[in-house]
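Q: Okay, predicted coordinates and the sequence, questions at the end:
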Amino acid sequence: MPFSVATWNINSVRLRLPLVLQFLQDHQPDILCLQETKCPDDLFPREAFHEAGYAHIEISGQKGYHGVATLSRRPLTEPARVGFCNIADCRHLSTVVEAGGKRIRIHNFYVPAGGDEPDPEINPKFAHKLGFIDEMKAMRAEFGEGSASLLVGDLNIAPLETDVWSHKQLLKVVSHTPVETEGLENLRRSGGWSDLMRHHIPPSEKIYTWWSYRAADWRAADRGRRLDHIWGSPDLEGDLRDITVLKEARGWERPSDHVPVIARFDLD
DNA sequence: ATGGTGGTCATACCA
């Protein structure tokens, strides 16, 4: 079994626990990074994940909002939580796992959505989002000497024209405005990260990982966006075997509005 | 230009 890492904004881990367990059973990723767990740490369903083979769990949760969790079949070490924008919310968690003889640090992120109005002067949520991605510049892709890194999660930005159903119609919509898309691409490049989804799937191809709940028929309208990402240190490009966007998960019973993305590597 | 759905927690807030 090649080493694999999945990311999924679950929009309440307790409500959708059966879906997560089904996903783990069907796809057996070594690592699953969850976002929007909406679950305080003392209520996190650890036991159910232990029984599913995920004995190693790190969580950073709070009541009602946000929250990230990293589940693993392999030992997780050096858990670390970084705070952003001087707000005590739960949007980042990093851990270290071993694969293919490398120590891989995995950053699990939930970037603020940013509200509706793409103007930081009048919308404090958008200002928060811009401040957050500015502070994310401190997250560098570290590699070499038997180490590597991944940065995954719901970044709430669709950077490329082919990451949205209509580039023109979304230019003034939060998640695809130039200040966000350029900001994210700049921080990715300056941090030395490779966009592994786009390394595997060419930029000419549309990719979506999220479809709004508000569409009458999400599948027919197909107005999606690629908000969820898997970045890696450049050494991992050569180890990447494939990327899967599990679109079918959007059609499951009481689904999350995001679907899982899975990266498989030629590493043991 | 508007409202459309869904989760949390218990009423508005957030996505």
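A: Yep, that arrived. Numbers count the residues shown, from 1 in each chain, chains lettered A, B, ... in the order given.
Q: Please compute how far whatever helix or strand A:Ala263 lives in lies from its chain's middle.
A: According to DSSP states H and E, A:Ala263 maps onto strand A:261-265. Centroid separation for strand A:261-265 versus its chain: 12 Å, with CA atoms, centre = their mean, to the nearest Å.
Q: Same question for stretch A:49-68.
A: 15 Å.
Q: can you tell if that stretch touches DNA strand B?
A: Yes. Stretch A:49-68 reaches DNA strand B (CB under 7 Å from any atom of the strand) through A:63-65. All C-beta spots, glycine's among them, are computed from the backbone N, C-alpha and C.
Q: avg pLDDT for that stretch?
A: On average, the pLDDT along stretch A:49-68 is 98.
Q: Of all the residues in stretch A:212-223, which ones are buried?
A: Buried residues in stretch A:212-223, counted by 16 or more other CB atoms under 10 Å: A:218, A:223.
Q: just to revisit the earlier point, which one (most neighbours) among the residues of stretch A:49-68 next to DNA strand B?
A: Neighbour counts for these (other CB atoms under 10 Å) peak at A:Tyr65, which has 13 neighbours.
Q: hang on, that one in a strand?
A: No. Using DSSP: H, G, I helix; E, B strand; the rest coil, the assignment for A:Tyr65 is coil, not a strand.
Q: count of neighbours near the closest residue to it other than its chain neighbours?
A: Leaving out its chain neighbours, the residue that sits closest to A:Tyr65 by CB to CB, 6 or more residues apart in numbering is A:Lys38, at 6.4 Å. Using other CB under 10 Å, A:Lys38 has 19 neighbouring residues.
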